[in-house]
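Colleague: Sequence first, then the predicted structure:
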Amino acid sequence: MSTQTIEQLFTKYSEGTCTSQEAAEVESLYDYMVKNESLEEALGKLESNYSYLLDKEPVYKVYIRKTVAAAAIIATAGVGLLFFLKQQDRKNELAINTHISRLVDSGKAILKLPNGKIIELNNAADGLLYGFKDGTITKRDGNFLTLSNNGAAGTLSGEHELFTPKGGEYHLTLPDGSTVQANAATHLRFDPSERDVEVNGEAFLVVHKNSGKPFIVTLRNEKVRVLGTRFNVSNYENEQVKTTVTEGLVQVETNLGNDVHKLKVSASEQVVFDQKNVKKYSRIDTLAAVGWKQGLFAFSQTPIKDALRQLSRWYNVAVDDSGIPDELRVVAQFRKTEPLPNALKMLNASANLKLEFDGKQIVAK
């Protein structure tokens, strides 16, 4: 029931023009609301202004109380009612987000639909995942999702969210033909009717060309604008924000204080943002940035702590890097299917370290 519908019901209730069913709905909602302590206090203050009504007709005390409450809610629709509804929305959103976090932490990939429905993708069979009048969502090959419009019947819209767990990846094809491959521990937020994707984590995008409508990727303090290209974005919490182009051209817009820095980035170039500065690098080894989508760890003079963070996300293990020098770098390449002990051996050989997994975390001996 929308806020507008509820306000209309309360108005009809106070005017005595509502049906018996509508009156029952108002009283039911009131009874539910008074269980909320903060709103009851607000209504109590408003009802005190009408206390004389409650003293005149004791027989109708309950009815009058509810009528006064309804009138009070109408009079404070922008405060009382909306406060309650928004408070309930916040509680519901918090509960949903907590539930999703627990599922993702347990190793499940999750798709959240605009209607609030949560789909555990690991448990969903290949085929039609969800159907709307405006379009469909299908799953294939275990971790590929395709969103399709129903042509003239309509266009999929509304905020969708995709969550990948540590050690997992997911492929997404949008209605316009653009594809997004999400790396481990990544959260995508997108509206299928818009060429706009928010990435928290890491993703490789192949954008379908549309000169009339640029594709926008939203990162932390950055936006990447593109007409058609292939590029990788890395936007993990407490790490540098990186945009790496493998084909085509993008424009990276970075917010630095009150200034917006705009940089054109073409193939084999990378822009790195570390909250204070933004730098552009040319002729980089793109495999180091996009090897993950090919099932590889590719470290090319990569800071050892960055390499360990990548291993942490993929193998879902903690890392204690407190005893490792910040300036230490590694050169190594191996498949993501390698057991963790083998991966650590290769890093040890490159960095002359003694990294071990002690059953709880990766540590330097």
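Modeller: Arrived safely.
Colleague: quick one, helices of this structure?
Modeller: 3-15, 20-33, 37-48, 51-56, 61-75, 82-105, 286-290, 304-315, 340-351 (DSSP state H).
Colleague: what's the span of stretch 120-137 from first residue to last?
Modeller: One end of stretch 120-137 to the other measures 14 Å (C-alpha to C-alpha, to the nearest Å).
Colleague: Next, count neighbours for the nearest residue to T186 once chain neighbours are set aside.
Modeller: Spatial nearest neighbour of T186, excluding adjacent residues (C-beta to C-beta, 6 or more residues apart in numbering): G201 at 2.7 Å. For the C-beta atoms, the positions are set from N, CA and C on the backbone; glycine is no exception. Using other C-beta atoms under 10 Å, G201 has 19 neighbouring residues.
Colleague: Outline the domain layout of the protein.
Modeller: Split into domains by automatic domain parsing, the chain comes to 3-87, 112-286, 295-364.
Colleague: What distance do you get for the closest residue to R140 other than its chain neighbours to G177?
Modeller: Leaving out its chain neighbours, the residue that sits closest to R140 by C-beta to C-beta, 6+ apart is D126, at 5.2 Å. Computed as C-beta to C-beta, to the nearest Å, the D126 to G177 distance reads 21 Å.
Colleague: among the helices and strands of the protein, which one scores worst on average pLDDT?
Modeller: Between all helices and strands in the chain, the lowest mean by mean pLDDT, DSSP states H and E belongs to helix 51-56, at a mean of 46.
Colleague: still on that earlier bit, the residue nearest to R140 touches D141, doesn't it?
Modeller: Yes - D126 is in contact with D141 according to C-beta atoms under 8 Å; the separation is 7.1 Å.
Colleague: Between the two, point out the one with more neighbours.
Modeller: A direct count of neighbours by other C-beta under 10 Å for D126 and D141 places D126 higher, at 11 against 7.
Colleague: got the contact list for that one?
Modeller: For D126, the contact set (C-beta atoms under 8 Å, 6 or more residues apart in numbering) comprises 139-142.
Colleague: Going by neighbour count, which of the residues you listed comes out on top?
Modeller: K139 (20 neighbours).
Colleague: roughly how far apart are the closest residue to that residue other than its chain neighbours and T164?
Modeller: In this structure, K139 finds its nearest non-sequential neighbour in L129, 4.9 Å apart by C-beta to C-beta, 6+ apart. Distance from L129 to T164, counting by C-beta to C-beta: 16 Å.
Colleague: in this structure, which strand has the most residues?
Modeller: strand 196-206 (DSSP state E).
Colleague: Neighbouring strands - and their directions - for that strand?
Modeller: strand 179-182 (antiparallel), strand 187-190 (antiparallel), strand 215-219 (parallel), strand 230-235 (antiparallel) (DSSP bridges).
Colleague: quick revisit: for the residue nearest to K139, give me its contacts.
Modeller: Per C-beta under 8 Å, 6+ apart, neighbours of L129: 111, 119, 136-139, 145.
Colleague: before we move on, back to that, touching, the residue nearest to T186 and R189? I think so.
Modeller: No - assessed by C-beta under 8 Å, G201 is found out of contact with R189, at 11.0 Å.
Colleague: Low-confidence ranges, the stretch 151-300 of the chain, go.
Modeller: 153 (pLDDT under 70).
Colleague: which stretches of it form strands?
Modeller: 160-163, 170-173, 179-182, 187-190, 196-206, 215-219, 222-226, 230-235, 241-247, 249-256, 259-266, 269-273, 278-281, 296-303 (DSSP state E, counting those that start in this stretch).
Colleague: highest average neighbour count across the strands paired with strand 196-206?
Modeller: strand 230-235 (a mean of 24; mean count of other C-beta atoms under 10 Å).
Colleague: before we move on, back to that, switch the contacts of D126 over to a markdown table; also include distance to P303.
Modeller: Listed next are the contacts of D126 as a markdown table, based on distance: C-beta to C-beta, whole Å:
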| residue | distance to P303 |
| --- | --- |
| K139 | 37 |
| R140 | 37 |
| D141 | 34 |
| G142 | 33 |
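Colleague: Same list (those residues) but as JSON lines, adding pLDDT and distance to E356.
Modeller: Formatted as JSON lines, the entries for these read as follows, by pLDDT from 0 to 100; distance: C-beta to C-beta, whole Å:
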{"residue": "K139", "pLDDT": "98", "distance to E356": "39"}
{"residue": "R140", "pLDDT": "97", "distance to E356": "40"}
{"residue": "D141", "pLDDT": "96", "distance to E356": "36"}
{"residue": "G142", "pLDDT": "95", "distance to E356": "33"}
